[in-house]
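Novice: need coordinates for the following:
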Amino acid sequence: MEKKIKILMVDDEEQFRATTRKILDRRGFDTLLAASGPEALEQLREKPQVVILDVKMPGMDGHEVLRAIKKIEPDLPVIMLTGHGAMPSAREALAHGAYDYLAKPCDIDLLANKVLEALRHQKKPGALLENRVLDVMIPLEDYTTLRSDQTVREAIQQLKESFRSKVATNRLMETGHRSVLVLDSRGKAQGILAISDLLGALMPAYLSAPRPSMADSIQYSPMFWTGMFTREVAILGGRRIGDIMSPDPPTVEASANLMEAAYIMHTQNTRRLVVMQSGEVVGIIREQDLFFEMERTLAAR
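Specialist: Below is the predicted model of the structure:
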């Protein structure tokens with residue numbers, strides 16, 4: 001995004017507001033915060049482009065805030081957040097001018113896509129505009145990257161951190177990457193280290209070695225497996241990422257249509273693509289990013 005999209009997040013829980021701002025800002029948004037309805041109305045002076053509004057708040061609840069916002073800024077898109085038990089209330093908000101509603105806990109990918117969708121709808125009401133790869137990818141700065149000469153131990157720690165930051169709150173969740181993008185010193189993609197690669201590298205060679213025909217039907221005993229996982233993990237931790245990583249995924253241009261990305265993933269049997277722009281790596285698009293776009297398309301019809 002060349003210019004940051006300004007979002008107003010309205011919620012009465014302090015930790016939720018702080019965590020949400022951290023995650024959304026990391027995605028490239030400029031996030032304003034409000035702890036109450038009156039504070040949200042004051043923040044309208046900052047000209048937010050989209051409002052994310054909790055339905056259940058003490059004092060002035062989300063419905064009252066929505067009505068007040070629509071009196072001041074009739075065209076400002078408002079996305080309502082609600083608990084599962086309050087779905088009828090959220091649907092009612094649509095009748096009062098809310099753009100859409102999402103149930104909590106809400107995946108951050110879905111929320112970010114909903115914000116972008118709301119902006120496009122505001123520019124062309126009634127039109128469902130297709131996103132490009134650039135619009136739904138994970139920017140490179142938000143994806144876990146390492147060098148091929150670093151150790152598997154370092155990769156596992158980085159992957160763990162990517163999951164930890166995504167579940168910092170039980171009300172807003174983001175899926176972890178499940179992979180590390182491996183770059184060389186010039187920032188060129190060399191490969192991908194996925195959890196499936198870790199599991200494959202964990203297997204000692206003798207498990208796949210040919211066995212005598214008489215042993216084909218013999219099952220390994222419980223004693224055979226005892227301690228093997230711990231031993232192999234210790235060995236694996238010291239290996240270089242470059243020794244076990246998968247080749248770098250296929251690429252797709254940032255300006256490409258999402259159908260092209262879906263076609264490449266399907267025909268090449270891959271779960272993610274490296275996104276390129278002007279010959280440089282700018283992000284990753286994953287199968288779940290396309291899944292959220294499928295949901296968005298059906299929800300808009």
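Novice: next, give phi and psi for the closest residue to residue 26 other than its chain neighbours.
Specialist: Spatial nearest neighbour of residue 26, excluding adjacent residues (C-beta to C-beta, 6 or more residues apart in numbering): residue 142 at 5.9 Å. C-betas here are computed from N, CA, C, even on glycine. Here is the backbone geometry of residue 142 (degrees, to the nearest 10): phi -100, psi 0.
Novice: pLDDT wise, what is residue 142 at?
Specialist: pLDDT, residue 142: 81.
Novice: cool, and residue 214?
Specialist: pLDDT recorded at residue 214 is 49.
Novice: tell me the contacts of the residue nearest to residue 26?
Specialist: 26, 27, 283 (C-beta atoms under 8 Å, 6 or more residues apart in numbering).
Novice: same deal with residue 229?
Specialist: Residues near residue 229 by C-beta under 8 Å, 6+ apart: residue 202.
Novice: mind telling me what element it is part of?
Specialist: Following DSSP states H and E, one finds residue 229 within helix 228-237.
Novice: now residue 181
Specialist: Using DSSP H and E, residue 181 falls in strand 179-183.
Novice: just to revisit the earlier point, now whichever helix or strand comes after the helix holding residue 229: mean pLDDT?
Specialist: Using DSSP H and E, the next helix or strand after helix 228-237 towards the C-terminus is helix 241-244. Mean per-residue pLDDT for helix 241-244: 96.
Novice: how far is helix 241-244 from where the chain is centred?
Specialist: Centroid separation for helix 241-244 versus its chain: 26 Å, with C-alpha atoms, centre = their mean, to the nearest Å.
Novice: parallel or antiparallel, list what pairs with the helix or strand that that helix is followed by.
Specialist: Later in the chain than helix 241-244, the nearest helix or strand by DSSP H and E is strand 246-247. Neighbouring strands of strand 246-247 in its sheet, by DSSP bridges, are strand 189-194 (antiparallel).
Novice: and for the partner strand, what are the contacting residues?
Specialist: 146, 148, 152, 155, 178-184, 241-242, 244-249, 251, 271-272, 274, 281.
Novice: can I get the contacts of residue 142 in JSON lines including secondary structure?
Specialist: Listed next are these as JSON lines, based on DSSP: H, G, I helix; E, B strand; the rest coil:
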{"residue": "26", "secondary structure": "helix"}
{"residue": "27", "secondary structure": "coil"}
{"residue": "283", "secondary structure": "strand"}
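Novice: and those, which are buried?
Specialist: Neighbour-count burial (16 or more other C-beta atoms under 10 Å) applied to these gives 27, 283.
Novice: how about a markdown table for the contacts of residue 142, with pLDDT and distance to residue 56 added?
Specialist: A markdown table is the format used below for the contacts of residue 142 (pLDDT from 0 to 100; distance: C-beta to C-beta, whole Å):
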| residue | pLDDT | distance to residue 56 |
| --- | --- | --- |
| 26 | 81 | 27 |
| 27 | 80 | 25 |
| 283 | 91 | 35 |
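Novice: just say helix, strand or coil for residue 57.
Specialist: coil.
Novice: quick check: it touching residue 39?
Specialist: No. Counting by C-beta atoms under 8 Å, residue 57 stays clear of residue 39, with 10.5 Å between them.
Novice: joint contacts of the two?
Specialist: Contacts common to residue 57 and residue 39, judged by C-beta under 8 Å, 6+ apart, are residue 10.
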